[in-house]
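Peer 1: Got a predicted structure here, sequence first:
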Amino acid sequence: MTAIATDAGVLALEAAPAQGRALAPATTDTPDRRLAQAADCAARPVLALSDIALTFGGVAALRDIDLAVAPGEICAVIGPNGAGKSSLLNVISGLYRPDRGQVWLGERAFAQVPTAELAAHGVARTFQNLAIFKGLSVFDNVLMGLAHRVRAGFLRQIIGSPLARRIEAENRAAAEDVIGFLHLGDVRERSAGSLPYGLQKRVELARALVARPTLLLLDEPFAGVTLSEKLELSEHVRNARDLYGATIVLIEHDIGVVMGLSDRIAVLDNGSKIADGTPDEVKADQAVIDAYLGVAHQDVTELAV
Ligand SMILES: Nc1ncnc2c1ncn2[C@@H]1O[C@H](COP(=O)(O)OP(=O)(O)O)[C@@H](O)[C@H]1O
Ligand SMILES: [Mg+2]
(Lines give C-alpha, C1' and ligand atoms only; values in the text may rest on other atoms or scores of the structure.)
(Ligands and ions follow the chains in the order given, each with its own letter.)
Protein backbone atom coordinates (compact mmCIF):
# COMPACT_ATOMS: atom_id res chain seq x y z
CA MET A 1 0.00 0.00 0.00
CA THR A 2 2.77 2.30 0.92
CA ALA A 3 4.29 1.78 -2.48
CA ILE A 4 1.06 2.71 -4.26
CA ALA A 5 0.65 5.92 -2.35
CA THR A 6 4.33 6.75 -2.67
CA ASP A 7 4.16 6.19 -6.39
CA ALA A 8 1.16 8.47 -6.62
CA GLY A 9 3.07 11.13 -4.72
CA VAL A 10 6.14 10.81 -6.88
CA LEU A 11 4.12 10.80 -10.09
CA ALA A 12 2.27 13.87 -8.98
CA LEU A 13 5.47 15.64 -8.01
CA GLU A 14 7.02 14.87 -11.34
CA ALA A 15 3.92 16.14 -13.10
CA ALA A 16 3.88 19.45 -11.27
CA PRO A 17 6.63 21.31 -13.17
CA ALA A 18 4.95 20.24 -16.41
CA GLN A 19 2.09 22.57 -15.51
CA GLY A 20 4.23 25.25 -17.13
CA ARG A 21 2.69 24.00 -20.35
CA ALA A 22 -0.43 25.93 -19.41
CA LEU A 23 1.58 29.03 -20.35
CA ALA A 24 2.23 27.77 -23.89
CA PRO A 25 1.10 30.08 -26.72
CA ALA A 26 -2.57 29.86 -27.65
CA THR A 27 -1.72 28.55 -31.14
CA THR A 28 -0.62 25.22 -29.60
CA ASP A 29 -3.68 25.05 -27.38
CA THR A 30 -5.70 22.36 -29.17
CA PRO A 31 -8.84 20.87 -27.60
CA ASP A 32 -6.84 17.65 -26.98
CA ARG A 33 -4.18 19.62 -25.19
CA ARG A 34 -6.75 21.45 -23.09
CA LEU A 35 -8.35 18.11 -22.16
CA ALA A 36 -4.95 16.73 -21.18
CA GLN A 37 -4.28 19.82 -19.08
CA ALA A 38 -7.67 19.52 -17.39
CA ALA A 39 -6.87 15.88 -16.57
CA ASP A 40 -3.46 16.94 -15.18
CA CYS A 41 -5.16 19.58 -13.13
CA ALA A 42 -7.65 17.12 -11.67
CA ALA A 43 -4.83 14.76 -10.73
CA ARG A 44 -2.57 17.39 -9.20
CA PRO A 45 -2.51 17.00 -5.44
CA VAL A 46 -3.55 19.91 -3.26
CA LEU A 47 -0.79 18.86 -0.89
CA ALA A 48 2.25 16.68 -1.47
CA LEU A 49 5.12 15.84 0.83
CA SER A 50 8.28 14.42 -0.59
CA ASP A 51 10.92 12.68 1.49
CA ILE A 52 10.31 14.71 4.64
CA ALA A 53 12.68 14.09 7.55
CA LEU A 54 12.71 15.93 10.87
CA THR A 55 14.75 15.33 14.01
CA PHE A 56 14.76 16.95 17.44
CA GLY A 57 18.16 16.49 19.01
CA GLY A 58 18.74 12.81 18.45
CA VAL A 59 15.04 11.94 18.14
CA ALA A 60 13.68 11.29 14.66
CA ALA A 61 10.16 12.75 14.67
CA LEU A 62 9.61 12.09 10.95
CA ARG A 63 11.48 9.73 8.62
CA ASP A 64 11.29 9.81 4.81
CA ILE A 65 7.63 10.76 4.62
CA ASP A 66 5.91 10.90 1.21
CA LEU A 67 2.26 11.81 1.03
CA ALA A 68 -0.03 13.13 -1.71
CA VAL A 69 -3.53 14.43 -0.98
CA ALA A 70 -5.91 14.75 -3.93
CA PRO A 71 -8.45 17.57 -4.32
CA GLY A 72 -11.56 16.95 -2.23
CA GLU A 73 -10.01 14.09 -0.32
CA ILE A 74 -10.38 13.59 3.42
CA CYS A 75 -7.04 12.11 4.41
CA ALA A 76 -6.54 11.01 7.98
CA VAL A 77 -3.12 10.67 9.53
CA ILE A 78 -3.29 8.36 12.50
CA GLY A 79 -0.85 6.75 14.86
CA PRO A 80 -0.07 6.36 18.55
CA ASN A 81 1.11 9.21 20.75
CA GLY A 82 4.56 10.38 19.72
CA ALA A 83 4.20 8.89 16.23
CA GLY A 84 4.91 12.26 14.59
CA LYS A 85 1.39 13.37 13.61
CA SER A 86 1.56 16.90 15.01
CA SER A 87 5.11 17.29 13.73
CA LEU A 88 3.81 16.43 10.27
CA LEU A 89 1.10 19.05 10.52
CA ASN A 90 3.60 21.57 11.82
CA VAL A 91 5.84 20.89 8.83
CA ILE A 92 2.89 21.31 6.44
CA SER A 93 1.93 24.61 8.06
CA GLY A 94 5.51 25.88 8.25
CA LEU A 95 5.91 25.91 12.03
CA TYR A 96 8.75 23.39 11.67
CA ARG A 97 11.41 23.37 8.99
CA PRO A 98 12.18 19.77 7.98
CA ASP A 99 15.82 18.69 7.81
CA ARG A 100 15.12 17.33 4.37
CA GLY A 101 12.35 17.15 1.80
CA GLN A 102 9.77 19.44 0.28
CA VAL A 103 6.20 20.47 0.92
CA TRP A 104 4.12 21.14 -2.19
CA LEU A 105 1.05 23.33 -1.87
CA GLY A 106 -0.56 22.96 -5.27
CA GLU A 107 2.16 23.82 -7.77
CA ARG A 108 4.56 25.48 -5.33
CA ALA A 109 7.30 23.64 -3.47
CA PHE A 110 8.77 24.81 -0.17
CA ALA A 111 11.69 23.71 1.98
CA GLN A 112 9.77 25.52 4.72
CA VAL A 113 6.26 26.77 4.16
CA PRO A 114 6.06 30.49 5.02
CA THR A 115 3.62 30.47 7.93
CA ALA A 116 2.63 34.08 7.43
CA GLU A 117 1.51 33.28 3.87
CA LEU A 118 -0.48 30.16 4.75
CA ALA A 119 -3.85 31.85 4.34
CA ALA A 120 -2.75 33.36 1.04
CA HIS A 121 -2.01 29.82 -0.15
CA GLY A 122 -5.52 28.77 0.87
CA VAL A 123 -4.47 26.80 3.96
CA ALA A 124 -6.19 26.99 7.36
CA ARG A 125 -5.62 24.87 10.44
CA THR A 126 -6.84 24.05 13.91
CA PHE A 127 -4.59 23.08 16.80
CA GLN A 128 -4.37 20.05 19.06
CA ASN A 129 -4.58 22.40 22.03
CA LEU A 130 -7.62 24.47 21.25
CA ALA A 131 -6.70 27.91 19.88
CA ILE A 132 -9.66 30.23 20.33
CA PHE A 133 -10.10 33.56 22.11
CA LYS A 134 -12.07 32.48 25.15
CA GLY A 135 -13.10 36.01 26.15
CA LEU A 136 -14.46 36.90 22.72
CA SER A 137 -17.90 35.99 21.43
CA VAL A 138 -18.32 33.07 19.05
CA PHE A 139 -19.07 35.53 16.26
CA ASP A 140 -15.90 37.56 16.89
CA ASN A 141 -13.81 34.38 17.07
CA VAL A 142 -15.08 33.38 13.66
CA LEU A 143 -14.38 36.88 12.28
CA MET A 144 -10.76 36.47 13.44
CA GLY A 145 -10.40 33.83 10.75
CA LEU A 146 -10.57 36.66 8.22
CA ALA A 147 -8.20 39.03 9.98
CA HIS A 148 -5.38 38.19 7.56
CA ARG A 149 -7.33 39.52 4.57
CA VAL A 150 -6.63 43.20 5.12
CA ARG A 151 -3.58 44.64 6.85
CA ALA A 152 -4.42 46.53 10.05
CA GLY A 153 -2.53 49.64 8.88
CA PHE A 154 -4.54 49.77 5.69
CA LEU A 155 -7.78 49.30 7.63
CA ARG A 156 -6.87 52.23 9.90
CA GLN A 157 -6.31 54.43 6.86
CA ILE A 158 -9.64 53.64 5.27
CA ILE A 159 -11.67 53.52 8.48
CA GLY A 160 -15.20 54.89 8.01
CA SER A 161 -14.88 54.84 4.22
CA PRO A 162 -17.30 52.99 1.93
CA LEU A 163 -14.53 50.46 1.18
CA ALA A 164 -14.01 49.72 4.88
CA ARG A 165 -17.76 49.32 5.35
CA ARG A 166 -17.95 46.98 2.38
CA ILE A 167 -15.07 44.81 3.65
CA GLU A 168 -16.65 44.64 7.07
CA ALA A 169 -20.05 43.74 5.63
CA GLU A 170 -18.51 40.98 3.50
CA ASN A 171 -16.57 39.58 6.45
CA ARG A 172 -19.63 39.60 8.68
CA ALA A 173 -21.68 37.88 5.98
CA ALA A 174 -18.99 35.19 5.61
CA ALA A 175 -18.93 34.69 9.40
CA GLU A 176 -22.75 34.46 9.53
CA ASP A 177 -22.64 31.91 6.75
CA VAL A 178 -20.21 29.57 8.49
CA ILE A 179 -21.98 30.05 11.85
CA GLY A 180 -25.21 28.91 10.22
CA PHE A 181 -23.41 26.07 8.47
CA LEU A 182 -21.96 24.74 11.74
CA HIS A 183 -25.18 25.33 13.71
CA LEU A 184 -23.61 27.87 16.06
CA GLY A 185 -26.39 30.46 15.63
CA ASP A 186 -27.86 29.93 19.09
CA VAL A 187 -24.55 30.68 20.79
CA ARG A 188 -23.17 33.32 18.43
CA GLU A 189 -23.09 36.06 21.11
CA ARG A 190 -21.85 33.84 23.94
CA SER A 191 -18.23 34.09 25.00
CA ALA A 192 -16.42 31.13 23.46
CA GLY A 193 -14.82 30.16 26.76
CA SER A 194 -18.22 29.61 28.40
CA LEU A 195 -19.21 26.86 25.95
CA PRO A 196 -18.84 23.10 26.41
CA TYR A 197 -15.55 21.81 25.02
CA GLY A 198 -17.12 20.15 21.95
CA LEU A 199 -18.71 23.46 20.94
CA GLN A 200 -15.41 25.27 21.45
CA LYS A 201 -13.84 22.81 19.02
CA ARG A 202 -16.63 23.64 16.59
CA VAL A 203 -15.91 27.37 16.98
CA GLU A 204 -12.28 26.68 16.10
CA LEU A 205 -13.42 24.74 13.04
CA ALA A 206 -15.64 27.69 12.07
CA ARG A 207 -12.73 30.11 12.44
CA ALA A 208 -10.63 27.92 10.15
CA LEU A 209 -13.43 27.48 7.59
CA VAL A 210 -14.59 31.07 7.30
CA ALA A 211 -11.86 31.97 4.81
CA ARG A 212 -12.98 29.06 2.61
CA PRO A 213 -9.60 27.31 2.61
CA THR A 214 -8.63 24.93 -0.18
CA LEU A 215 -6.71 22.87 2.36
CA LEU A 216 -7.90 22.44 5.92
CA LEU A 217 -5.55 20.91 8.47
CA LEU A 218 -7.19 19.58 11.63
CA ASP A 219 -5.06 18.40 14.53
CA GLU A 220 -7.11 16.00 16.65
CA PRO A 221 -10.45 17.77 16.21
CA PHE A 222 -12.16 14.99 18.16
CA ALA A 223 -9.79 14.76 21.11
CA GLY A 224 -11.41 15.25 24.49
CA VAL A 225 -15.00 15.47 23.27
CA THR A 226 -17.84 13.12 24.14
CA LEU A 227 -18.88 10.35 21.76
CA SER A 228 -21.99 12.21 20.57
CA GLU A 229 -19.92 15.37 20.00
CA LYS A 230 -17.45 13.24 18.04
CA LEU A 231 -20.20 12.01 15.76
CA GLU A 232 -21.51 15.54 15.28
CA LEU A 233 -18.07 16.96 14.58
CA SER A 234 -17.34 14.18 12.08
CA GLU A 235 -20.47 15.17 10.20
CA HIS A 236 -19.35 18.81 10.18
CA VAL A 237 -15.92 17.82 8.87
CA ARG A 238 -17.55 15.82 6.09
CA ASN A 239 -19.79 18.79 5.25
CA ALA A 240 -16.75 21.08 5.19
CA ARG A 241 -15.52 18.95 2.34
CA ASP A 242 -18.86 18.36 0.61
CA LEU A 243 -20.32 21.86 0.88
CA TYR A 244 -17.27 24.11 1.26
CA GLY A 245 -15.07 22.09 -1.09
CA ALA A 246 -12.14 21.91 1.32
CA THR A 247 -9.53 19.19 1.00
CA ILE A 248 -8.90 17.93 4.50
CA VAL A 249 -5.94 16.46 6.33
CA LEU A 250 -7.13 15.21 9.65
CA ILE A 251 -4.75 14.17 12.40
CA GLU A 252 -6.34 11.75 14.77
CA HIS A 253 -5.21 9.43 17.50
CA ASP A 254 -8.31 7.31 17.31
CA ILE A 255 -8.50 5.05 14.27
CA GLY A 256 -12.12 4.14 14.96
CA VAL A 257 -13.50 7.61 14.52
CA VAL A 258 -11.76 8.17 11.18
CA MET A 259 -12.70 4.85 9.59
CA GLY A 260 -16.05 5.98 8.24
CA LEU A 261 -15.01 9.57 7.61
CA SER A 262 -11.80 9.30 5.60
CA ASP A 263 -11.19 8.50 1.97
CA ARG A 264 -7.66 7.54 2.83
CA ILE A 265 -5.67 6.88 5.97
CA ALA A 266 -1.92 7.23 6.41
CA VAL A 267 -0.54 5.49 9.47
CA LEU A 268 2.52 6.82 11.27
CA ASP A 269 4.50 4.82 13.76
CA ASN A 270 7.65 6.11 15.40
CA GLY A 271 8.10 8.80 12.73
CA SER A 272 7.69 6.46 9.74
CA LYS A 273 4.69 6.02 7.47
CA ILE A 274 3.90 2.32 7.80
CA ALA A 275 0.75 2.28 5.65
CA ASP A 276 -1.31 4.50 3.38
CA GLY A 277 -4.55 3.39 1.76
CA THR A 278 -8.32 3.20 1.98
CA PRO A 279 -9.79 2.50 5.42
CA ASP A 280 -10.40 -1.13 4.42
CA GLU A 281 -6.84 -1.55 3.17
CA VAL A 282 -5.40 -0.02 6.31
CA LYS A 283 -7.61 -2.12 8.56
CA ALA A 284 -6.30 -5.29 6.87
CA ASP A 285 -2.64 -4.20 6.78
CA GLN A 286 -0.48 -6.54 8.84
CA ALA A 287 2.05 -3.84 9.78
CA VAL A 288 -0.78 -1.65 11.10
CA ILE A 289 -2.35 -4.52 12.99
CA ASP A 290 1.02 -5.40 14.54
CA ALA A 291 2.05 -1.86 15.42
CA TYR A 292 -1.23 -0.28 16.32
CA LEU A 293 -4.57 -1.86 15.57
CA GLY A 294 -4.13 -4.65 18.06
CA VAL A 295 -4.14 -2.01 20.77
CA ALA A 296 -6.81 0.17 19.19
CA HIS A 297 -9.10 -2.71 18.28
CA GLN A 298 -11.78 -1.66 20.73
CA ASP A 299 -11.93 1.86 19.30
CA VAL A 300 -12.49 0.49 15.81
CA THR A 301 -15.47 -1.59 16.74
CA GLU A 302 -17.03 0.96 19.05
CA LEU A 303 -16.55 4.18 17.16
CA ALA A 304 -16.80 3.44 13.47
CA VAL A 305 -18.98 6.27 12.09
N1 LIG B 1 9.14 20.93 19.53
C2 LIG B 1 9.65 19.73 19.83
N3 LIG B 1 10.82 19.61 20.51
C4 LIG B 1 11.34 18.40 20.79
N5 LIG B 1 10.77 17.24 20.46
C6 LIG B 1 9.60 17.28 19.80
C7 LIG B 1 8.96 18.52 19.45
N8 LIG B 1 7.81 18.24 18.78
C9 LIG B 1 7.73 16.91 18.73
N10 LIG B 1 8.79 16.33 19.34
C11 LIG B 1 9.04 14.89 19.46
O12 LIG B 1 8.79 14.31 18.21
C13 LIG B 1 8.10 13.07 18.36
C14 LIG B 1 6.76 13.14 17.66
O15 LIG B 1 5.89 14.00 18.40
P16 LIG B 1 4.49 14.51 17.85
O17 LIG B 1 4.66 14.95 16.45
O18 LIG B 1 3.96 15.50 18.82
O19 LIG B 1 3.65 13.15 17.88
P20 LIG B 1 2.06 12.92 17.88
O21 LIG B 1 1.38 14.18 17.48
O22 LIG B 1 1.86 11.79 16.91
O23 LIG B 1 1.70 12.50 19.27
C24 LIG B 1 7.99 12.82 19.85
O25 LIG B 1 9.10 12.02 20.23
C26 LIG B 1 8.08 14.21 20.43
O27 LIG B 1 8.61 14.16 21.73
MG1 LIG C 1 -0.06 15.37 18.42
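Peer 2: Yep, that arrived. Ligands and ions are numbered 1, 2, ... in the order given.
Peer 1: So which residues on this structure come close to ligand 1?
Peer 2: Applying Cβ under 6 Å from any ligand atom, we find that the chain lies next to ligand 1 at 56, 59, 61, 79, 81, 82, 83, 84, 85, 86, 87. For glycine as for every other residue, the C-beta is placed from the backbone atoms N, C-alpha and C.
Peer 1: again, only using 8 Å
Peer 2: By Cβ under 8 Å from any ligand atom, the residues of the chain that approach ligand 1 are 54, 56-57, 59, 61-62, 79-90, 96, 128, 219-220, 251, 253, 268, 271.
Peer 1: Now residue 112. Nearest residue, chain neighbours left out?
Peer 2: residue 97 (4.0 Å; Cβ to Cβ, 6 or more residues apart in numbering).
Peer 1: Give me the phi and psi for the one you found.
Peer 2: phi -100, psi 120 (degrees, to the nearest 10).
Peer 1: these two touch, right, it and residue 111?
Peer 2: Yes - with contact defined as Cβ atoms under 8 Å, residue 97 reaches residue 111; the gap is 7.0 Å.
Peer 1: Where does the chain get nearest to ligand 2, which residue?
Peer 2: Closest approach between the chain and ligand 2, counting by Cβ to the ion: residue 86, at 3.2 Å.
Peer 1: Am I right that that residue falls within a strand?
Peer 2: No - counting by DSSP: H, G, I helix; E, B strand; the rest coil, residue 86 falls outside a strand, being helix.
Peer 1: now the residue positioned nearest the centre of the chain, what's its secondary structure?
Peer 2: Nearest residue to the geometric centre of the chain (Cα atoms, centre = their mean): residue 217, 2.1 Å. Three-state assignment for residue 217 (three-state DSSP): strand.
Peer 1: Contacts only, for it.
Peer 2: Listed by Cβ atoms under 8 Å, 6 or more residues apart in numbering, the contact set of residue 217 reads 89, 92, 93, 123, 124, 125, 126, 248, 249, 251.
Peer 1: so residue 230 makes contact with residue 258?
Peer 2: No - counting by Cβ under 8 Å, residue 230 stays clear of residue 258, with 10.4 Å between them.
Peer 1: Of these two, which one has the most company?
Peer 2: Remark: of residue 230 and residue 258, residue 258 carries more neighbours, 28 against 21, as counted by other Cβ atoms under 10 Å.
Peer 1: where are the low-confidence patches of the stretch 51-200 of the chain?
Peer 2: Judged by pLDDT under 70, the stretch 51-200 of the chain has its weakly predicted residues at 150-155.
Peer 1: residue ranges of the helices in it, please?
Peer 2: 85-92, 138-144, 152-158, 162-181, 197-209 (DSSP state H, counting those that start in this stretch).
Peer 1: Out of the ones you listed, flag the one nearest residue 242.
Peer 2: Residue 242 lies closest to helix 162-181 among the helices of the stretch 51-200 of the chain, at 11.1 Å (Cβ to Cβ).
Peer 1: now the stretch 201-305 of the chain, which segments are flagged as low pLDDT?
Peer 2: 293-305.
Peer 1: ok so, going back, contacting residues around the residue nearest to residue 112?
Peer 2: 91, 111, 112.
Peer 1: Check residue 205 too.
Peer 2: So residue 205 contacts 126, 182, 218, 221, 233, 236, 237, 240 (Cβ under 8 Å, 6+ apart).
Peer 1: what about 7 Å?
Peer 2: Applying Cβ atoms under 7 Å, 6 or more residues apart in numbering, we find residue 205 in contact with 126, 182, 221, 236.
Peer 1: This completes my enquiry, with thanks.
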